[in-house]
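In: Got a predicted structure plus its sequence, pasted below:
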Amino acid sequence: MTRILITNDDGISSPGLHAVAIALHNEGHEVLAVAPSGERSGWGAGVGTLDDGSEFSTEQFEIPGYEEISAWSVDGPPAFCVLTAMLETFGKRPELVISGSNDGANCGRGILHSGTVGGAMIAQNFGLSGIALSQKRTPSEMIWETSGEVAIAAVNWIVEAARKTVLNINIPNTTIDKVKGVRIARIAAFGTTQTSLTGTVPGNLRIKVSPREVELASDTDTALLDEGFITVTGLIGYRSENEQGRDAAESIERYANRLS
């Protein structure tokens with residue numbers, strides 16, 4: 001059994017976080033969920049303003065049907081949520097950090113800005129390993145149980161890995177038996193969509209998100225995810241570290257094969 005902290009940037013009420021927390025709880029792990037009180041996407045590893053006397057509100061939360069899972073909301077970004085848990089604000093210090101599962105993919109160089117990835121990366125500051133989990137958003141209903149299954153497999157691998165290992169895992173929105181496989185992936189130049197700004201300065205700037213128009217190399221996280229594979233990338237800072245990712249991918253592949 002491992003004491004696992006689960007956070008995210010979608011907020012404590014997000015179904016992706018609940019699915020992962022429930023799956024790991026049912027697997028026998030000791031789960032603590034500490035996540036933002038609301039949407040905090042795009043914060044990266046930011047923790048907000050930590051001036052002397054600054055205050056952040058907290059509130060106990062109940063995951064529906066699983067009141068035995070300790071859960072709290074914090075009025076701050078995911079990296080700050082991890083910081084509070086490491087300081088034992090909500091009980092005994094965790095042994096592993098999982099951030100997600102995020103509603104939408106986190107691949108390509110844009111992961112630098114991801115609150116999901118930032119929440120996992122800050123675990124390294126405390127000598128722990130971390131896993132960032134994200135599930136690709138599609139027009140169909142999100143099948144969060146798949147993130148839960150992948151989380152179990154990833155935890156089984158990472159508890160035996162070197163300390164301060166961080167994985168970025170992206171998951172197709174499908175049932176586990178329909179996933180094409182698990183692949184080690186390098187970071188693509190772009191994510192699943194393309195973001196641009198329109199407007200004038202001075203005046204208003206508007207963010208526009210559109211389909212990606214750039215063709216990517218077939219071994220990158222974005223391209224493999226688009227093809228229906230689970231992608232695994234080991235991170236050091238925000239660079240690929242493929243040896244960690246390759247071993248984790250093989251472990252998750254074996255687990256998925258047993259389920260399908």
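Out: Sure thing, it's come through.

In: Not counting sequence-adjacent ones, nearest residue to P36?
Out: G11 (5.3 Å; C-beta to C-beta, 6 or more residues apart in numbering). The way it works is simple: take the backbone N, C-alpha and C, and place the C-beta from them, glycine included.

In: helix, strand or coil for the one you found?
Out: When classified by DSSP: H, G, I helix; E, B strand; the rest coil, G11 comes out as coil.

In: which SS class is A79?
Out: A79 ends up helix, using three-state DSSP.

In: ok, now which ones touch it?
Out: Contacts for A79 (C-beta atoms under 8 Å, 6 or more residues apart in numbering) come out as 43-47, 115, 118-119, 121-122.

In: make it 7 Å
Out: Counting by C-beta atoms under 7 Å, 6 or more residues apart in numbering, A79 makes contact with 45-47, 118-119, 122.

In: Could you single out the nearest of those to T222?
Out: Closest approach to T222 among these (C-beta to C-beta): G118, at 19.1 Å.

In: How far off centre is stretch 166-185?
Out: 13 Å (C-alpha atoms, centre = their mean, to the nearest Å).

In: so how far does it reach from one end to the other?
Out: 14 Å (C-alpha to C-alpha, to the nearest Å).

In: Rounded mean pLDDT for it, please.
Out: Average pLDDT, stretch 166-185: 96.

In: residue ranges with poor pLDDT in the chain?
Out: 51, 53, 189-197, 200-201, 209-210, 212-214, 237-244, 260 (pLDDT under 70).

In: Which parts of it are strands?
Out: 3-7, 30-36, 58-63, 66-74, 96-103, 129-135, 166-171, 182-184, 193-199, 205-211, 230-236, 239-240 (DSSP state E).

In: Dump the ones you listed to TSV, plus distance to S218 and mean neighbour count.
Out: TSV is the format used below for the strands of the chain (distance: least, C-beta to C-beta, whole Å; neighbours: other C-beta atoms under 10 Å):
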stretch	distance to S218	mean neighbour count
strand 3-7	32	26
strand 30-36	35	25
strand 58-63	39	14
strand 66-74	40	17
strand 96-103	24	30
strand 129-135	20	27
strand 166-171	15	29
strand 182-184	10	23
strand 193-199	19	11
strand 205-211	19	9
strand 230-236	12	25
strand 239-240	16	14
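
In: one step back: for the residue nearest to P36, give its distance to I158.
Out: Distance, G11 to I158, using C-beta to C-beta, to the nearest Å: 25 Å.

In: between those two, which one's more packed in?
Out: I158 (22 against 18; other C-beta atoms under 10 Å).

In: leaving aside the residues next to it on the chain, what's closest to that one?
Out: S129 (5.2 Å).

In: Check N8 too.
Out: L17 (4.7 Å).

In: just D9 next, same as before
Out: G115 (3.0 Å).

In: list the contacts for that neighbour?
Out: 9, 40-44, 77-78.

In: Just among the contacts of A79, which is most surrounded?
Out: Using other C-beta under 10 Å as the neighbour criterion, G119 leads the contacts of A79 with 35 neighbours.

In: so it sits right up against P78, yeah?
Out: Yes. The pair G119 and P78 passes the contact test of C-beta atoms under 7 Å, sitting 3.5 Å apart.

In: shared neighbours of those two, which are they?
Out: 7-9, 99.
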